[in-house]
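Undergrad: Give me a 3D structure for the following:
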Amino acid sequence: MPTHAWLARFGVDFDALSPRQQAAFLAAVVQFVEDLEASRQFRKGLRVKGVRGAGGVFEMTWADDGRATFEYGEPVIEGHPHIVWRRVGTHAIFEQP
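TA: So this is what the prediction gives:
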């Protein structure tokens, strides 16, 4: 099972989302984790890809204008990915992903 952590900025971002946005993000995370656990590529709807100009940082789409950035951290459990959530919000998060 994948493990995760989040940067302090992610917590601030998440708290600023509306309850509806928070629910949409968490629903996308369920799909994200399913894909990680199955060791397959991410489903197209999540649109996971690298963030241009920010090496090692990736983005995930969770709504029309909902994005989250993350990076892979050192595994906490051997053989399982560790995700570090960096930012969550609208396209504005790409100013400082």
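Undergrad: Show the subsequent helix or strand relative to the biggest helix by length in the chain.
TA: Ranked by number of residues, the top helix in the chain under DSSP state H is helix 19-37. Once the chain leaves helix 19-37, the next helix or strand it forms, by DSSP states H and E, is strand 49-50.
Undergrad: Report back the residue of the protein that's furthest from centre.
TA: Outermost residue of the chain with respect to the C-alpha centroid, by CA atoms, centre = their mean, is Glu78; its distance is 20.8 Å.
Undergrad: Tell me which residues touch that residue, please.
TA: Taking CB atoms under 8 Å, 6 or more residues apart in numbering as the contact definition, Glu78 lies against nothing. C-beta here means a position set from N, CA and C on the backbone, and glycine is covered the same way.
Undergrad: quick revisit: using CSV, write out the CA atom coordinates for the longest helix of the chain.
TA: As requested, C-alpha coordinates have been extracted for helix 19-37 and formatted as CSV (Å, rounded to 0.1, in the frame of the first residue of the first chain):
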residue,chain,number,x,y,z
PRO,A,19,-16.0,21.2,1.3
ARG,A,20,-17.1,20.3,-2.3
GLN,A,21,-13.6,20.8,-3.6
GLN,A,22,-12.1,18.8,-0.8
ALA,A,23,-14.5,15.9,-1.5
ALA,A,24,-13.6,16.0,-5.2
PHE,A,25,-9.9,15.9,-4.5
LEU,A,26,-10.3,13.0,-2.0
ALA,A,27,-12.3,11.1,-4.6
ALA,A,28,-9.5,11.6,-7.1
VAL,A,29,-7.0,10.4,-4.5
VAL,A,30,-8.9,7.1,-4.2
GLN,A,31,-8.5,6.5,-7.9
PHE,A,32,-4.8,7.7,-7.7
VAL,A,33,-4.1,5.1,-4.9
GLU,A,34,-5.9,2.4,-6.8
ASP,A,35,-3.7,3.0,-9.8
LEU,A,36,-0.5,3.0,-7.6
GLU,A,37,-1.5,-0.2,-5.9
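Undergrad: Show me what that helix is packed up against.
TA: Helix 19-37 sits against strand 58-63, strand 66-73, with contacts defined as 3 or more CB pairs under 8 Å, 6 or more residues apart in numbering; DSSP states H and E.
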